[in-house]
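Asks: Build the 3D model from these lines:
(one chain, ligands or ions: 1)
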Amino acid sequence: MTRRSDTAITPDASASASASASASARPLLDVRDVRKTYHLPRGQTLKAVDGISLSVMPGEVLGLVGESGCGKSTLGRCLLRLTDVSSGEILFEGQDITALKERALRPLRQQMQMVFQDSYASLNPRRRIGDLLAEPLRVHPDPDGRKRSRATITARLHELMDLVSLPVSALERYAHEFSGGQRQRINIARALALSPRLVVADEPVSALDVSVQAQIVNLFADLQARLGLTYVFIAHDLAVVRQISTSVAVMYLGAVVELGETDAVLHSPAHPYSAALTAAVPRPVVGAARAAPLGGDIPSPVARPAGCRFHTRCPFVQDRCRVEEPALHVIEPGHSVACHFPLAEG
Ligand SMILES: Nc1ncnc2c1ncn2[C@@H]1O[C@H](COP(=O)(O)OP(=O)(O)OP(=O)(O)O)[C@@H](O)[C@H]1O
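Replies: Numbers count the residues shown, from 1 in each chain. Now for the predicted structure:
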């Protein structure tokens, strides 16, 4: 593993992994210096999301990876305003949603949906699947502002079952009658009911058997292609991320430490943390077959290290890293890293 010494360092306040996107195209999601701080007992503060800037273009699948507790779910919930942000801006199609009141958010909520890890907890066991899936269609008006008729809702439910490859008879059954994979198909159908543009999937396959995981990831990929969806796909499993993501953001202690196209980040990681993460994955995610394994515990997010947040575990730490926090900066088109001494290929 070598260091990049000849890299032009360009400040990059709103890094995007979409090198291929034209300069004029507008991001679906533009995240600007977003922070989420939790106030704990005894006056402590926990910076779960600590100044994240990134953008997601329409049709992009951004994989969000990092160890447990690094802030992935909190960021995902911030993106959909399921929790309020402490500061920063989140622009959805150019509109800042961070300060919108619930009433103004409502029409936007139809366009932004979440799929959660626990397929069972999000389905009310006392209600038939058809009833659960019909609810958002009854509550929200159609794109022309009209209440949907029963016949329209029924037709949409049939369409949704077709999209997720479940029989129409599933609509008459209850959540406990399905396997974990089938329940996740139902959750996906529910998320798609109102034809959203953005889906945030928070570890949607982590709780499933390995054999079922691939089927559900394939379903996500298929739906993305058919419906032109945009995903933020949260996962700790890099093999899953590699399969579905066009770009990857690697998070560590509340911040994005590397962002770029999937191949660049997973095959030529520039941050020592990304390199260590990829080292744990069997080929073909290779870059880091060369990387040093990651030692030490993750520091408490309540007492984040000064300087580079990763320096206490970094095998390449130098004096500068202990005092100066590296900004996320571009090292090649579509690839940014927050490291004073990024790794080079080879
Ligand atoms: N409501 C809350 N109050 C206080 N701290 C919280 C709250 N929710 C999350 N946290 C803390 O914020 C940090 C980030 O949590 P988050 O769940 O976003 O991480 P994650 O990367 O999604 O982890 P996991 O993969 O385990 O879900 C953690 O230290 C967590 O303990």
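Asks: contacts and neighbour counts: CA atoms only from here.
Replies: OK.
Asks: Domain map for the protein?
Replies: 2-111+196-306+332-344, 114-193 (automatic domain parsing).
Asks: Quick one: closest of those domains to the ligand.
Replies: Evaluated with CA to the nearest ligand atom, the domains of the chain place domain 2-111+196-306+332-344 nearest to the ligand, the distance being 3.3 Å.
Asks: Could you tell me which residues of the protein lie near the ligand?
Replies: Counting by CA under 6 Å from any ligand atom, the residues of the chain close to the ligand are 38, 48, 68-74, 301.
Asks: Are any of these buried, and if so which?
Replies: The neighbour-count test (16 or more other CA atoms under 10 Å) applied to the residues of the chain next to the ligand identifies 48, 69-74, 301 as buried.
Asks: max-length helix in this protein?
Replies: helix 210-227 (DSSP state H).
Asks: what about the strands in the stretch 101-250 of the chain?
Replies: With strands called from DSSP state E, counting those that start in this stretch, the stretch 101-250 of the chain shows them at 112-115, 198-202, 230-234, 247-252.
Asks: Throw these into CSV and include mean neighbour count, thanks.
Replies: Formatted as CSV, the strands of the stretch 101-250 of the chain follow (neighbours: other CA atoms under 10 Å):
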stretch, mean neighbour count
strand 112-115, 22
strand 198-202, 25
strand 230-234, 26
strand 247-252, 26
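Asks: now those as CSV including mean pLDDT?
Replies: Formatted as CSV, these follow (pLDDT from 0 to 100):
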stretch, mean pLDDT
strand 112-115, 94
strand 198-202, 96
strand 230-234, 97
strand 247-252, 97
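Asks: Could you list the low-confidence segments of the stretch 201-346 of the chain?
Replies: Applying pLDDT under 70 to the stretch 201-346 of the chain flags the ranges 280-293, 345-346.
Asks: Contact partners for residue 141?
Replies: Going by CA atoms under 8 Å, 6 or more residues apart in numbering, residue 141 touches 147-148.
Asks: before we move on, back to that, need the buried ones among the residues of the chain next to the ligand in CSV with secondary structure, can you?
Replies: Formatted as CSV, these follow (DSSP: H, G, I helix; E, B strand; the rest coil):
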residue, secondary structure
48, strand
69, coil
70, coil
71, coil
72, helix
73, helix
74, helix
301, helix
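Asks: Taking those residues together, which two end up most distant?
Replies: Among those, the pair separated by the greatest distance (CA to CA) is 73 and 301, at 14.7 Å.
Asks: re earlier: could you redo the residues of the chain next to the ligand as JSON lines and give each row distance to residue 237?
Replies: Formatted as JSON lines, these follow (distance: CA to CA, whole Å):
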{"residue": "38", "distance to residue 237": "27"}
{"residue": "48", "distance to residue 237": "21"}
{"residue": "68", "distance to residue 237": "11"}
{"residue": "69", "distance to residue 237": "15"}
{"residue": "70", "distance to residue 237": "14"}
{"residue": "71", "distance to residue 237": "16"}
{"residue": "72", "distance to residue 237": "13"}
{"residue": "73", "distance to residue 237": "15"}
{"residue": "74", "distance to residue 237": "18"}
{"residue": "301", "distance to residue 237": "22"}
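Asks: out of these, which one sits closest to residue 181?
Replies: Of all the residues of the chain next to the ligand, residue 73 has the smallest distance to residue 181: 21.1 Å, by CA to CA.
Asks: Excluding residues flanking it in the chain, which one is nearest the closest one?
Replies: residue 202 (6.5 Å; CA to CA, 6 or more residues apart in numbering).
Asks: again with residue 147
Replies: residue 141 (4.8 Å).
Asks: confidence score at the one you found?
Replies: At residue 141, the pLDDT value in this model is 88.
Asks: Tell me the gap between stretch 319-326 and the middle of its chain.
Replies: 28 Å (CA atoms, centre = their mean, to the nearest Å).
Asks: Touching it from outside, list them.
Replies: The set of residues external to stretch 319-326 that reach it, using CA under 8 Å, 6+ apart, is 306-309, 311, 338-340.
Asks: ok, 7 Å please
Replies: 306-308, 311, 338-340 (CA atoms under 7 Å, 6 or more residues apart in numbering).
Asks: Pairing partners for the residue nearest to residue 56 when sequence neighbours are not counted in the sheet, please.
Replies: Excluding its sequence neighbours, the residue lying closest to residue 56 (CA to CA, 6+ apart) is residue 29, at 5.1 Å. Counting by DSSP bridges, residue 29 is bridged to residue 56, residue 92.
Asks: and what of the one 5 residues further on?
Replies: Counting by DSSP bridges, residue 34 forms beta bridges with residue 52.
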